[in-house]
Each structure stands twice: as structure tokens, then as C-alpha cells.
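A.B. asks: pasting the sequence and the predicted model now:
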Amino acid sequence: MIISRTPFRISFFGGGTDYPAWYRRHGGAVLAASIDKYCYLTCRYLPPFLEHRIRIVYSRIEQCQTVDEIAHPVVREALRFLKVDRGIEIHHAADLPGRSGMGSSSSFTVGLLHALSALKGKISGKRQLARDGIALEQERLQETVGSQDQVCAAYGGLNQIHFLQNGDFTVQPLTLPRSRVRELNAHLMLFYTGIRRTASKVAASYGTATNIERCADVLVRMREYVDRAVDLLNSRQSISAFGELLHENWMLKRELSDKVSNPEVDALYERARSAGAVGGKLLGAGAGGFLLLFVPPDRQAAVRARLENLLNVPFKFEFSGSQIIFFDPEEDYARLEKARASQQLEGFREMEIEPG
């Protein structure tokens, strides 16, 4: 049995420039951090003594005989991608809801690839995990998603990530004093709006090759905020300026598409600002999910009271990325599976017993 633990992320600046339709022409960069909220994937080879060969447990339960029957697209394609042809059981659990702007889909993808590779006895490096996650989501599943989430999930940490025109990426951890990292973390608040959405549908309004050049001026300016934020964090400038950059960037991001925000989110953001938040943004593609706010510690109680109907999620940065946290070698059922496949077994059935 294998258990992988993969972090969720918060993205500060540069989102949108991590879409291949953009960075393969212009290059891109983001400033993002992983946090101590996680996706857990448990995988084990399934003993060949059950009616089903494959069991997948997430928000629903799937019990199948073949990979082709699996409804969950990421699980199905991950098993094909890694050529897993054994009976298998996969369980998913998470600290935060999905479709909420925290990169949960990519954390699931990277965590699953990590666990399945470990189950096959292979050690996966962070770069390979990120690359495989990007390939699975963008190429095999043809989803309109960026590339930062997979990198954040695999690497962990507070990083400036550059996306190159040749399709590759570089990860540059911010080498800040511990006190500066703590100061930044202490000024951040996370609230769940309760609005769930599918990121690829929102991103399709600005992240496709057809639409992205229309947003070129905005994306160029958003890319510049990455360097400005990194320079600020590395300076002795007041940390409050980071919140001001977040506000400016959020106002700019709203120009990408009318789907990035909505009146409900706008009202929440203005309430937070009136209570003392300096800046903030919706995480992920937009439209709903988690609202990240930059709030001085002495104003956080007021902001929390002003947003009393929203769930506040405390968090800390994490620096490990996807990890295998449990590994227990188990009996190899490959020979028994092969023998069972050649048998004509009686079907599993209920015996009806007359009462009395």
C-alpha cells in the first residue's frame, strides 16, 4: 500500500501567463506558494478474490473490471499513462473542497502519478512529476489549464516559476529570511466563498490560443507584477506594499474576461477592503472558490467579522511538495491474477433463503 500527500497552492501573481497558448509564444512567470492543506491518494494492488478488479473511491465509488470502464478521466488516463494493468484500489481524500481555485485538480493528478509510480517500484523526481502532470492534463485530457499548479504540487515551497517558449520551466525558490516569510504568511487570510466552478470552463474565456492574444496587453502587465513582487519581498520595503500589488493585479486580472469575477464576489471583496484588507484576489481561474486577502494582523478580526458568513481557513506555507508518506510492500498477486484471468468462474450472486 502507498499513500501520497500532495499540497494545494495559492497563486499570487502571473496567473494566465502559465497557459501554453501564451508562454510558448511569449514566455511566462508566476509567483506562487504551496500551503499545509493536502490531497491524499492511497493505492494498492487489489487481491484477485473480489468481484471487481478495479475500485476507485472519491466523491463516488466506481467498481470496474477494466481501465476503459473507469469514469474518472484523470484516474483512467493515469493508469493508461503508467501502463498499470493490475487489479488496483485507489482512495482519495482532501483537506479542502475541489473546484475552488486551490489547484486541487493538479494536486490530485500529481499525487496519483506519484503514488502509482511508487506502487510500481519507481522513484519519481519533482521535475518528472510536474512534467507528467502537465502532459496528462493538457495533452491526454486536452483540458484548458495552466502549468503552474502541477509544478507547485510537485515542488512545494514559495517559488518564482518561469515558463519557457520551448515548453520547459524553471523553478526559483525565493531565498528570503525566515522572518520575512513569517511576516508575509501572517498578513494573509483565506476565505471560502462557497462557489464551486470548473477552472477549465472559466479559463477557456481567456486561456485558449483563440482568445489569449486578445488579452496580450493585460497578460504582459500581469507578468511584470511577478518581478515587482519578488523585488519587494527581497527588499526592506514595508510588506503592506505586497497587498497593494495584489489589489492592483486583481483589478487588472478582471480585464481578462467577464467570467473572472461576478457581483457576489465583488461585493465580498469590497466588504473585506472596507474592514481593513489592503488587497486580495480570487484564487485560480476565477469566478468563485477561495478568496485570498492581504490583511494587517490588527485588522484581521474586523475582516473576519465582516465576512462572518464565509469559512476562514488558517494556513501556513509548506516546502516539501508531493511526498510518499506511507509505503508498505505487500504480497504480489500478479501470478494469481493471471491464473484467475484464465478461469471460467461462477458469477458472484446472492442466495435467496425462504423465511421460516
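C.D. replies: Received it, and whenever you're ready, just let me know what you need. Residues are numbered from 1 along each chain as shown.
A.B. asks: the protein: helices as residue ranges?
C.D. replies: Secondary structure of the chain by DSSP state H: the helices cover 20-26, 73-81, 104-119, 126-134, 148-155, 178-186, 199-203, 209-212, 216-233, 240-253, 263-275, 300-306, 334-341.
A.B. asks: quick one: the fifth one to chain centroid distance?
C.D. replies: Same thing as helix 148-155. Distance, stretch centre to chain centre, for helix 148-155: 7 Å (C-alpha atoms, centre = their mean, to the nearest Å).
A.B. asks: which outside residues touch that helix?
C.D. replies: 6-9, 11, 14-15, 18, 30, 32-34, 103, 105-107, 109-111, 126-127, 129-130, 133-134, 137, 159, 161, 163, 169, 171, 321-322 (C-beta atoms under 8 Å, 6 or more residues apart in numbering). The way it works is simple: take the backbone N, C-alpha and C, and place the C-beta from them, glycine included.
A.B. asks: now swap in the first one and tell me
C.D. replies: Contact partners of helix 20-26, identified using C-beta under 8 Å, 6+ apart, comprise 16-17, 28, 138, 147, 163-167, 207-209, 212, 216, 219-220.
A.B. asks: that older thread, just the buried subset of the contacts of helix 148-155, written out for ChimeraX, thanks.
C.D. replies: Command for ChimeraX, covering only those of the contacts of helix 148-155 found buried under the criterion 16 or more other C-beta atoms under 10 Å:
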select :6,7,8,9,11,14,15,18,30,32,33,34,103,105,106,107,109,110,111,126,129,130,133,134,137,159,161,163,169,171,321,322
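A.B. asks: which ones are touching residue 241?
C.D. replies: If you count contacts by C-beta under 8 Å, 6+ apart, residue 241 has them with residue 232.
A.B. asks: of the helices of the chain, give the one that comes closest to residue 87.
C.D. replies: helix 334-341 (6.0 Å; C-beta to C-beta).
A.B. asks: that closest one: which residues count as buried?
C.D. replies: Of the residues in helix 334-341, residue 337 count as buried by neighbour count, 16+ other C-beta under 10 Å.
A.B. asks: repeat that for stretch 221-241.
C.D. replies: Buried positions in stretch 221-241, judged by neighbour count with 16+ other C-beta under 10 Å: 222-223, 225-226, 228-230, 232-233, 239, 241.
A.B. asks: over to stretch 156-172?
C.D. replies: 156-163, 169, 171.
A.B. asks: circling back: in JSON lines: the helices of the chain, plus distance to residue 142 and mean pLDDT.
C.D. replies: Putting the helices of the chain into JSON lines (distance: least, C-beta to C-beta, whole Å; pLDDT from 0 to 100) gives the following:
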{"stretch": "helix 20-26", "distance to residue 142": "12", "mean pLDDT": "95"}
{"stretch": "helix 73-81", "distance to residue 142": "10", "mean pLDDT": "98"}
{"stretch": "helix 104-119", "distance to residue 142": "14", "mean pLDDT": "98"}
{"stretch": "helix 126-134", "distance to residue 142": "13", "mean pLDDT": "99"}
{"stretch": "helix 148-155", "distance to residue 142": "15", "mean pLDDT": "98"}
{"stretch": "helix 178-186", "distance to residue 142": "36", "mean pLDDT": "98"}
{"stretch": "helix 199-203", "distance to residue 142": "10", "mean pLDDT": "55"}
{"stretch": "helix 209-212", "distance to residue 142": "13", "mean pLDDT": "68"}
{"stretch": "helix 216-233", "distance to residue 142": "22", "mean pLDDT": "96"}
{"stretch": "helix 240-253", "distance to residue 142": "25", "mean pLDDT": "96"}
{"stretch": "helix 263-275", "distance to residue 142": "28", "mean pLDDT": "95"}
{"stretch": "helix 300-306", "distance to residue 142": "40", "mean pLDDT": "99"}
{"stretch": "helix 334-341", "distance to residue 142": "32", "mean pLDDT": "75"}
